[in-house]
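Q: Sequence first, predicted model second:
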Amino acid sequence: MSDKVVSQGFEKSGWWGEFEPEIGLAVNWSIGPLLFAVRRREKEWQVYHHSGDWPDDTPSAWTITEGEDIVCCDGAFQRHVFADTSGELVIEPLLADRSVVIKSTVPILIPAGEQISFYVSTPLWLQAKLPLRKHVLLDVATIRLSDTWFGPSTMEGELCYATTTSGRLYLDDLPVRAHRAITPVKIKNSGEKPLKLEKLSLPVPFLSLFDTSVHGLWTEEIALYHDERKDITDIVVGGHPPEPYNAARRISGPRKTAEKSMLHKTFGALFGA
């Protein structure tokens, strides 16, 4: 029996949702650099995943196929055993479980009194779960990320993931990537000196995901208000993405809860000074 293409997309998102594979069949996902598959048997769910590398500026598509076998290469394989496997499988996109340190490919200089808006992207996670059993089969990044420590010292800070970005200023310059989410960032330099932005700690565990239908997944807008005369930078998280996607449908909430309307971090820790 050859694999059957269940769904595929390039400019539109949609690799998530509710699935109920028949016993004996496997469902295989290809999402950018991630290969992920599940096979349902009478008393177990077999789960496979493999994440590779993916050039940052390369668009990515997704494909879902159904067949008898798991399509796999080098990767991780697990078996989750139950008395039976009745019930649905839910696939959900999530943001990272730690803050993501974004390093700009070219330093950005923001003059005193200026305000800029730009777009950055971070890799998505795929979570596979059995809601009726309250069991998570897998929670995995779509792309391999390196760990990094971010903070003013080795004693103060947090363990984060690291990625790079071009920090695009124009919406038309954004590539559509099925395995990444876009975060609009607004920075206002209220200080008296230019602000040099080389890397930024993005608190993605506190953000939600919204489906824009035509330009992939977005988060709420983050606004940063900086004044070097203060020790605190105000971080304001909007309630939804800005125009033209402020009416986008929310499909998953934040991993962590906090007072999202206003967060505070030290300037040095936030911007990597």
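A: Noted; the coordinates are in hand.
Q: Going by C-alpha atoms from here, please, whenever you check contacts or count neighbours.
A: Noted.
Q: okay, and for the stretch 51-200 of the chain, where does confidence drop off?
A: Within the stretch 51-200 of the chain, the segments meeting pLDDT under 70 span 54-59, 73.
Q: Can you give me the domain assignment for the chain?
A: Listed by automatic domain parsing, the domain ranges of the chain are 4-92, 96-123+143-271.
Q: Residue 131: which of these is closest?
A: domain 4-92 (7.1 Å; Cα to Cα).
Q: For the nearest residue to residue 123 once chain neighbours are set aside, which residues are in contact?
A: In space, and not counting its chain neighbours, residue 123 is closest to residue 180: 4.3 Å by Cα to Cα, 6 or more residues apart in numbering. Going by Cα atoms under 8 Å, 6 or more residues apart in numbering, residue 180 touches 121, 122, 123, 124, 217.
Q: Please apply the same query to residue 109.
A: Going by Cα under 8 Å, 6+ apart, residue 109 touches 194, 195, 196, 197.
Q: ranges for the strands of the stretch 1-150 of the chain?
A: Remark: strands assigned in the stretch 1-150 of the chain by DSSP state E, counting those that start in this stretch are 4-9, 17-19, 26-31, 34-40, 44-51, 62-67, 76-81, 89-94, 100-110, 115-123, 125-130, 135-141, 146-150.
Q: that older thread, just among the contacts of residue 180, which is most surrounded?
A: Within the contacts of residue 180, residue 217 tops the neighbour count with 29 neighbours, counted by other Cα atoms under 10 Å.
Q: Ramachandran angles for that one?
A: phi -100, psi 140 (degrees, to the nearest 10).
Q: Would you check how far apart it and residue 225 are?
A: 25 Å (Cα to Cα, to the nearest Å).
Q: do the same with residue 182
A: The value you get for residue 182 to residue 225, if Cα to Cα is used, is 20 Å.
Q: between those two, who's got more neighbours?
A: Counted by other Cα under 10 Å, residue 182 and residue 225 do not tie: residue 182 has more neighbours, with 24 against 17.
Q: rewinding a little: out of the domains of the chain, which is closest to residue 132?
A: domain 4-92 (6.6 Å).
Q: so how far is the closest one off the chain centroid?
A: Offset of domain 4-92 from its chain centre (Cα atoms, centre = their mean, to the nearest Å): 18 Å.
Q: What residues sit buried inside stretch 68-78?
A: By neighbour count on 16 or more other Cα atoms under 10 Å, the buried set for stretch 68-78 is 68, 69, 70, 71.
Q: Same check on stretch 216-229?
A: For stretch 216-229, by 16+ other Cα under 10 Å, it's 216-228.
Q: do the same with stretch 150-158
A: 150, 151, 152, 158.
Q: Farthest-apart pair in those, please.
A: Longest span within the buried residues of stretch 150-158, Cα to Cα: 152 and 158, 9.9 Å.
Q: residue contacts, the residue nearest to residue 121 when sequence neighbours are not counted?
A: Once flanking residues are discounted, residue 121 sits nearest to residue 182: 4.3 Å by Cα to Cα, 6+ apart. Remark: with contacts taken as Cα under 8 Å, 6+ apart, residue 182 is in contact with 119, 120, 121, 122, 216, 217, 218, 219.
Q: Please apply the same query to residue 162.
A: Residue 162 touches 100, 101, 102, 103, 145, 146, 147, 148, counting by Cα under 8 Å, 6+ apart.
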